[in-house]
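# take a look and give me a structure for this.
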Amino acid sequence: MISVSLVIPVYTGADYLADLIAAIDTVRTKWAEQDYPVKIIEAIFVDDHSIDNSREIIAKLKTSHSWITRLQLSRNFGQHPATVAGILHTSGDWVVTMDEDLQHHPDHLITLLERAVGERADLIYAKPTGKVHGKASRDKSSRLFKRLMVWLTGNPFINQANSFRLIRGEVARGAASACNYETYLDVALSWFTTSIGLAELEMEDQRFQKTGKSGYSFRSLISHARRMLVSSQIKILRLGAFIGLLAVLVTIMLGLYVVIQKSFYPDSVPVQGWSSTIISIYFFSGVILFMVSILLELVSTLVQSTLGKPSYFLVDRTKDEPLVAFFKSRNNANPDA
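The predicted structure follows:
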């Protein structure tokens, strides 16, 4: 039997937790009744110092659902650290991270699993097919932010990142153990695997649609961007090195041109010393830019090493075979499903 662990960070989920737990319980029952070779063994709710009565709701529901685990953080650390804390307490073959507000519905878990074993992937991100927030401007700004981060870091997987993730258990726990406070979880996951896929799903941010308020403030988004950049090897630094080197080469060629011109046409430059001054400024500016870019690239590499980027990581995908066989037989029995 393949096991699945759920990790749900909680901050303001009082209005959604009962429905979420009921939905998870329904999925667990369905899988058991239909003899699925997979089971949700635990749902870990990480209380990130919630500001409503989420704590009491989880504690109450835990008494009637033995598969619920509640972790209490000492203060508010943020969604990613809370997710990392939850992952480190999992034991499942697969780990699913999801939001507290039913934006990520448990009914989609089987779709994520089917995509993962079908592609031999270690990580599957949910990809929204419609307007998640009910506002085109909000969805567009989210996509633009991710594209900007991809351009700055050179990490193509950032564009796929979503908090609704299915992660192979050992990869999830390996990445989580490598994280410190400044590590961005999705960047850490890309250190451990590049076998990453997408599953298109219908998702709605009910909280944003009802209240007009996002789960993230502008300050939180800035913090996310900063940690994403700190965790990544910033590829744009190489552009600075290229520009610096190009400036050096151009000024060398320009210097040769001025020397030749001065030799054959000594009166062509009316202001003495002007050419040599400009060439010297451009040359040394290019050298400085090149050296600074190389230094920053080295610092970026050292930072990644400090943050826990591994030299290698081993993974066992042979345990997927029961699920592969199950989905194959199910699809053969229901070709139109």
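
# pLDDT-wise, which helix or strand of the chain ranks last?
Ranked by mean pLDDT, DSSP states H and E, the weakest helix or strand in the chain is helix 206-211, scoring a mean of 62.

# where's the residue nearest to residue 189 when sequence neighbours are not counted relative to residue 22, distance?
Using Cβ to Cβ, 6 or more residues apart in numbering and skipping residues adjacent in sequence, the residue nearest residue 189 is residue 175, 4.7 Å away. Bear in mind the C-beta positions are built from the backbone N, C-alpha and C, glycine included. According to Cβ to Cβ, to the nearest Å, residue 175 stands 30 Å off from residue 22.

# against which helices or strands is the helix ranked longest in the chain packed?
Across the chain, the longest stretch assigned as helix under DSSP state H is helix 274-307. Counting contacts by 3 or more Cβ pairs under 8 Å, 6 or more residues apart in numbering; DSSP states H and E, helix 274-307 packs against helix 218-231, helix 236-264.

# can you lay out those helices as CSV showing mean pLDDT, mean neighbour count and distance to residue 82?
Shown next, in CSV, are these (pLDDT from 0 to 100; neighbours: other Cβ atoms under 10 Å; distance: least, Cβ to Cβ, whole Å):
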stretch, mean pLDDT, mean neighbour count, distance to residue 82
helix 218-231, 69, 15, 13
helix 236-264, 77, 14, 30
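
# now distance to residue 88 too, for the ones you listed, in JSON lines please.
Shown next, in JSON lines, are these (distance: least, Cβ to Cβ, whole Å):
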{"stretch": "helix 218-231", "distance to residue 88": "18"}
{"stretch": "helix 236-264", "distance to residue 88": "32"}
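
# comparing residue 175 and residue 22, which residue is more hemmed in?
residue 175 (26 against 13; other Cβ atoms under 10 Å).

# which pLDDT does the model give the more buried one?
Note for residue 175: predicted pLDDT of 95.

# that one and residue 191 touch, don't they?
Yes - in this structure, residue 175 is within contact of residue 191 by Cβ atoms under 8 Å, at 6.9 Å.

# excluding chain neighbours, what is closest to residue 55?
Computed as Cβ to Cβ, 6+ apart, the closest residue to residue 55 that is not its neighbour in sequence is residue 47, at 5.4 Å.

# okay, buried residues for the helix or strand where residue 18 lies please.
If you go by DSSP states H and E, residue 18 is part of helix 17-33. Neighbour counts over helix 17-33 (16 or more other Cβ atoms under 10 Å) mark 17, 20, 21, 24, 25, 27, 28, 31 as buried.

# one step back: which secondary structure state is assigned to the residue nearest to residue 189?
For residue 175, the assignment made with DSSP: H, G, I helix; E, B strand; the rest coil gives helix.

# how about the contacts made by it?
Applying Cβ atoms under 8 Å, 6 or more residues apart in numbering to residue 175 gives the contacts 87, 167, 185, 188, 189, 191, 192.

# find the pair from those residues with maximum spatial separation.
Pairwise distances across the contacts of residue 175 (Cβ to Cβ) peak at 14.6 Å, for the pair 87 and 191.

# higher neighbour count, the two?
Taking other Cβ under 10 Å, residue 87 and residue 191 do not tie; residue 87 has more neighbours (24 against 19).

# for the more buried one, which non-adjacent residue is spatially closest?
Going by Cβ to Cβ, 6+ apart, residue 87 has residue 176 as its nearest residue, at 4.0 Å.

# same check, this time on residue 89
residue 44 is the one closest to residue 89 (Cβ to Cβ, 6+ apart), at 5.7 Å.

# just give me the neighbour total for that neighbour.
Residue 44: 25 neighbours (other Cβ under 10 Å).

# give me the three-state assignment for it.
Residue 44 ends up strand, using three-state DSSP.

# thought it was touching residue 90?
Yes - here residue 44 reaches residue 90: they are 6.5 Å apart, a contact under Cβ under 8 Å.
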